[in-house]
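Student: Below: sequence and its predicted model.
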Amino acid sequence: MEQFFVTTLDNPFCPFTQFDNWHAFDQDKGYNTCAYLARIVESSPELSEEEQIKAVNSAVDEICRLNVLGIYKRIGANEVNQMQTA
């Protein structure tokens, strides 16, 4: 199952491979995307790894669907892997 993450259109860093830089940029801009994702995701320690990925992916989709500020986009781990091998 592919894992997705939410990022902003203006963030030049990859949340999968450059998380510290991605997070610093996100915080500097005041987006607080990780906190936003944490508020939306329906998680539990009782979920399997696959169920946890599904929960995060669902929350990412919800954030991108609502996209009130018009700044969010979804990026997939497979998409990142393809970019790195190209």
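Tutor: Great, that's in hand.
Student: for this protein, longest helix please?
Tutor: For the chain, the helix with the greatest residue count under DSSP state H is helix 49-66.
Student: Using CSV, write out every CA atom in that one.
Tutor: The C-alpha coordinates for helix 49-66 follow below in CSV (Å, rounded to 0.1, in the frame of the first residue of the first chain):
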residue,chain,number,x,y,z
GLU,A,49,0.6,-0.8,10.2
GLU,A,50,-1.6,-1.1,7.1
GLU,A,51,-4.6,0.3,8.9
GLN,A,52,-2.5,3.2,10.2
ILE,A,53,-1.3,4.0,6.6
LYS,A,54,-5.0,3.9,5.5
ALA,A,55,-5.9,6.3,8.3
VAL,A,56,-3.2,8.8,7.4
ASN,A,57,-4.0,8.5,3.7
SER,A,58,-7.6,9.2,4.5
ALA,A,59,-6.7,12.3,6.5
VAL,A,60,-4.4,13.5,3.7
ASP,A,61,-7.2,13.1,1.2
GLU,A,62,-9.6,15.0,3.5
ILE,A,63,-7.1,17.9,3.9
CYS,A,64,-6.6,18.1,0.2
ARG,A,65,-10.3,17.9,-0.5
LEU,A,66,-11.2,20.7,1.9
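Student: who touches the one helix or strand residue 75 maps to?
Tutor: According to DSSP states H and E, residue 75 maps onto strand 72-76. Where contact means C-beta atoms under 8 Å, 6 or more residues apart in numbering, the residues beyond strand 72-76 that reach it are 2-9, 14-16, 33, 60-61, 63-64. The C-beta positions use only the backbone N, C-alpha and C, and glycine is treated the same way.
Student: 6 Å - rerun?
Tutor: With C-beta atoms under 6 Å, 6 or more residues apart in numbering as the test, strand 72-76 has contacts from 2, 4-7, 9, 60, 63-64.
Student: What's the mean pLDDT across it?
Tutor: Regarding strand 72-76, the rounded mean pLDDT is 95.
Student: Nice, that's everything, thank you.
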